[in-house]
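> need a 3D model of the sequence below.
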Amino acid sequence: MKSITVHKLDEGLVREIEKRANEQSTSLNRTIKQLLRQALGLGSDKKPAVDFSDLCGVWTAAELKQFEENTADLNRVQAGDWS
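Modelled structure (predicted):
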C-alpha cells in the first residue's frame, strides 16, 4: 500500500482533522483516509444522507417488469403523431 505525504497544511485544516479524529475516537491517519474516501465517493456502504425510499417506495423486480409491460405501447409512434 502506498503512503502519501502532504506538506504545509494550514492550522485551521489540521485543527478540524484533529477535532474530527477526537470526536470519532480514531487516529489522524484513519480519519484522513475516511475523509478522502468520502470526498471521492468511494467505499460508502451507508445510504446517502438524503434517501426518500421510505416515502416513495421501492419497486420489486416483478413490479418493474409489470410496469414496463403495461406501458410498452407508450413507446410506439403512430402515423398520426407526426402531423
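> need the residues that contact the helix or strand harbouring residue 71.
Per DSSP states H and E: residue 71 is located in helix 61-71. Here helix 61-71 makes contact (C-beta atoms under 8 Å, 6 or more residues apart in numbering) with residue 59. For every residue, glycine as well, the C-beta is placed using N, CA and C.
> again, only this time at 10 Å
Among residues not part of helix 61-71, those counted as contacts by C-beta atoms under 10 Å, 6 or more residues apart in numbering are 57-60, 75.
> which of these sits closest to residue 17?
Using C-beta to C-beta, residue 58 is the member of the contacts of helix 61-71 that lies nearest residue 17, at 37.0 Å.
> residues touching the closest one, list them.
So residue 58 contacts residue 64 (C-beta under 10 Å, 6+ apart).
> gap between it and residue 66?
Between residue 58 and residue 66 the distance is 15 Å, computed by C-beta to C-beta, to the nearest Å.
> just to revisit the earlier point, and of the contacts of helix 61-71, the nearest to residue 6?
Nearest to residue 6 among those is residue 58, at 41.1 Å by C-beta to C-beta.
> quick one on the thing from earlier: roughly how far is the helix holding residue 71 from the heart of the chain?
Mean-position distance between helix 61-71 and its chain equals 27 Å (C-alpha atoms, centre = their mean, to the nearest Å).
> quick one on the thing from earlier: of the contacts of helix 61-71, keep whichever come out buried.
Among the contacts of helix 61-71, not one is classed as buried by 16 or more other C-beta atoms under 10 Å.
> make CSV out of the residues you listed and add pLDDT and distance to residue 31.
Below are the contacts of helix 61-71 laid out as CSV (pLDDT from 0 to 100; distance: C-beta to C-beta, whole Å):
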residue, pLDDT, distance to residue 31
57, 75, 37
58, 78, 34
59, 81, 38
60, 85, 39
75, 82, 50
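> what number of residues lie near residue 8?
4 (other C-beta atoms under 10 Å).
> for it, helix, strand, or coil?
Classification of residue 8 by DSSP: H, G, I helix; E, B strand; the rest coil places it in coil.
> quick one: which of the contacts of helix 61-71 sit in strands?
Of the contacts of helix 61-71, none are assigned to strands by DSSP state E.
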